[in-house]
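J.: pasting the structure only:
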């Protein structure tokens, strides 16, 4: 069909204005009512929430022992084990929590099938060194001693070769010092004990065996897994590993790390209630979530293929007192128990599974990578990453071909229209991010707490979602107006005979369609970047040979269905995890701005809004009720802001608490005279952004002073804002517990300086030692004449290498540290430093004692119930001793 070059509309396809458009009728026709658009928005939000509930909130019915039978999995039985472990209270390294595993393992051994051999071993580790290079462990050396693990090996009795083909099922029984650990990870231990009971009834038909490892030391830096995989003789028989973890409490235990296509396919084939997301793996491995699991040890140190599972519900209670039994959701343990029992029975009986596992360890794991995800928790999709790359490349090439051909047909006007529509996407992102970020900056100044929505995560819809949606519309509408201006010039040049009303009508429709098309471009760019894939519905034609028609609501429904079904559940889950993680975002308390956590949440919400609502927003521009929609969004924002600023919706509750740590510190870092008494004081600090004003309301008599001048160096982190009190702090500790750093020798041989320092941690079996890498090139650590840390391969973070030690009650407390100075080291006091206090530290030591002093107990008792200490491998216990040596030793 002939056409004028550069025209957006065919010259031979002249519209019949009298037939096509009557001004009043057309204005009415093209206007979409606010009720329709609001209805679509409500359907979208409700659909997203429904998808989330189906995918992550739909649990199997919990079974008791009678219902599960002798060979099934019973959540009720597993919960009994969890209940016992939580009754012990916090049970860090060195506690007696392993007794339960030993007692129940003996019972499992007695009740196992007569053709199944169940072997129980209490493994006591030697002293060891764990030197992982990546993630959280850069710049660290992790030492451990006197760890105890329980191992339960289940193999067929009359198949000796089965002992050489073991599937390792691993989790940790220890907790941090601040929680009873119902979720992390007593729930995992309860599941494993019940799995062991069930497997012991089926293993007579296995071609291999299952080894259950209940380890201690995971919370101190994955020490338990490292000690097993480097010291125990059964380690050489392990072919595959399953790790069970928790970063919250209960919910669906989601597969978030998997190494090999064949293993993922095996799990997908038998899992009764699959829950798996490769997106979670990408986020976790990117370092966005500051955490690690034993799976890292099994991969990096042993090179084993495997699967890693974790609970992520209510992640705000992670490592706090609120990780307790009452928050465990019914069906959570049944979910992972049913999945794992089915998987272990399938894998254990499959010779091919063990053959694939042995082959995978010898080959490059990259070629076995796969894409995996579940669909509404009912089905699991797995396909090789190579196939995914081919599929994505095909989509990209076809999309570029379609767009390129269409733009070529459209000529220069089409190319300009395409450029403006792409600009609308950029403007949409900019405005959508800017408005909620402004809110994020303002919240700390108008609310009682900088992060006021942790206890009520739904408030982020109004606080950040409404401004993000409004900003996205504003940015997109600016692009819409620019498009109309461009199209008006094109139409006036190419369609001079078209009536003004008709021209405006068609310009509106064509601009709307270009805005709609830009959504496909947005997803195509994401696909090209390799972060996401979205297949478009090309109802909006790119061909310029006919006049545009109004976009249909069914087109929008199709455009929204795919992102809702494929992404809504994961988006809601990730938003919940991010909000829950904000309570511990400040790893160096006071080191981050109060608004940073809000900005992170706001930016994530804005990006989600832009990608999920891009099609819906394109329908609003020719609506006659844009103001009503904007007004309702403002109302939503205003109500949410009123709730958080007034305190009607509290920021924290008894069950979702703010992280507030209380540590009694005995400090000798500034003391050179042995006869001088150490400084003793109570320190209050929080990993949740914000000041401690409200927390101190009940501590008025304790004379706390707060500020950014209260800097405390805990070796593994630095408190940059906190509160201290010296009142009544000289009790609860003794001078004999103060650690000692003593220089035994300091010599120079052939220009190389070497210093030997004895380290006596006294009664402490948990300590952290920082070594100044600006001064020290390398070092060794010896224990009883045995070299524990050898020369070479010492990374650093901010100029320091940190040694962390954790062990049982019988761990050594005396070490020898040999320092090899750098050739550029400051051997003498730095120029201009007149006082020793002006010099930097050479080594600094913190020792921890798991004891609550009278003063610390008094402060803990007076804290509001919505405060809870937060524990991690780098956190001190409630009593900590600090000492150091400066460079002028």
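T.: Ah, there it is. Just so it is clear, the structure is predicted and the values come from calculations on it, not from any experiment.
J.: from the centroid of this protein, which residue is nearest?
T.: Residue closest to the average C-alpha location in the chain (C-alpha atoms, centre = their mean): residue 289, at 3.5 Å.
J.: what sits closest to it if chain neighbours are left out?
T.: With sequence-adjacent residues excluded and distances taken as C-beta to C-beta, 6 or more residues apart in numbering, residue 289 is closest to residue 283, at 6.3 Å. C-beta: built from backbone N, CA, C; applies to glycine.
J.: these two touch, right, the one you found and residue 570?
T.: No. Counting by C-beta atoms under 8 Å, residue 283 stays clear of residue 570, with 10.1 Å between them.
J.: who's more crowded, those two?
T.: It is residue 570, of residue 283 and residue 570, that has more neighbours when counted by other C-beta atoms under 10 Å, with 19 against 16.
J.: buried sites along stretch 803-818?
T.: Of the residues in stretch 803-818, those scored as buried under the neighbour-count criterion (16 or more other C-beta atoms under 10 Å) are 803-808, 811-813, 815-818.
J.: err, stretch 54-72, not the other one
T.: Using 16+ other C-beta under 10 Å as the test for burial, stretch 54-72 gives 55, 56, 57, 59, 60, 62, 63, 68, 72.
J.: out of the residues you listed, which is nearest to residue 665?
T.: When those are compared for distance to residue 665 (C-beta to C-beta), residue 56 wins out at 42.0 Å.
J.: quick one: that closest one and residue 389, what's the gap?
T.: With distances taken as C-beta to C-beta, to the nearest Å, residue 56 is found 29 Å from residue 389.
J.: same check, this time on residue 41
T.: Counting by C-beta to C-beta, the gap from residue 41 to residue 389 is 36 Å.
J.: do the same with residue 160
T.: Computed with C-beta to C-beta, the distance linking residue 160 and residue 389 is 43 Å.
J.: before we move on, what about residue 220?
T.: If you measure residue 220 against residue 389 using C-beta to C-beta, the figure is 40 Å.
J.: between these two, who's got more neighbours?
T.: With neighbours defined as other C-beta under 10 Å, residue 220 and residue 389 compare such that residue 220 has more, 26 against 12.
J.: pretty sure that one is touching residue 143, no?
T.: No. Taking C-beta under 8 Å as the definition, residue 220 is not a contact partner of residue 143, at 9.7 Å.
J.: between those two, which contacts overlap?
T.: Counting by C-beta atoms under 8 Å, 6 or more residues apart in numbering, the contacts common to residue 220 and residue 143 are 804, 806.
J.: can you list the weak-confidence ranges in this structure?
T.: In the predicted model, the chain carries pLDDT under 70 at residues 1-34, 364-367, 529-556, 558-560, 562-563, 624, 672-674, 826-837.
J.: run the chain-centre distance for the helix ranked longest in it.
T.: Under DSSP state H, the helix in the chain containing the largest number of residues is helix 385-446. Between the centre of helix 385-446 and the centre of its host chain there is 27 Å, according to C-alpha atoms, centre = their mean, to the nearest Å.
J.: what is it packed up against?
T.: strand 370-375, helix 466-494, helix 500-529, helix 596-612, helix 614-618, helix 626-646 (3 or more C-beta pairs under 8 Å, 6 or more residues apart in numbering; DSSP states H and E).
J.: rerun that using 7 Å as the cut-off
T.: Secondary structure elements in contact with helix 385-446, counted by 3 or more C-beta pairs under 7 Å, 6 or more residues apart in numbering; DSSP states H and E, are strand 370-375, helix 466-494, helix 500-529, helix 596-612.
J.: now render those as JSON lines, adding mean neighbour count and distance to residue 451.
T.: Compiled in JSON lines, those are given as follows (neighbours: other C-beta atoms under 10 Å; distance: least, C-beta to C-beta, whole Å):
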{"stretch": "strand 370-375", "mean neighbour count": "20", "distance to residue 451": "31"}
{"stretch": "helix 466-494", "mean neighbour count": "21", "distance to residue 451": "17"}
{"stretch": "helix 500-529", "mean neighbour count": "20", "distance to residue 451": "29"}
{"stretch": "helix 596-612", "mean neighbour count": "22", "distance to residue 451": "5"}
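J.: I'd like those laid out as CSV, including distance to residue 100.
T.: Written out in CSV, the entries for the helices and strands packed on helix 385-446 read as follows (distance: least, C-beta to C-beta, whole Å):
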stretch, distance to residue 100
strand 370-375, 33
helix 466-494, 48
helix 500-529, 48
helix 596-612, 38
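J.: for residue 711, which of those is the nearest?
T.: For residue 711, the closest of these is helix 596-612, at 19.2 Å, according to C-beta to C-beta.
J.: list the buried residues for stretch 301-314?
T.: 301-302, 304-314.
J.: no wait, stretch 406-416
T.: Buried positions in stretch 406-416, judged by neighbour count with 16+ other C-beta under 10 Å: 406, 407, 410, 411, 413, 414, 416.
J.: sheet partners, orientation included, of whichever helix or strand residue 885 is part of?
T.: Counting by DSSP states H and E, the element that carries residue 885 is strand 879-886. Listed by DSSP bridges, the sheet partners of strand 879-886 and their directions read strand 661-667 (parallel), strand 841-849 (antiparallel).
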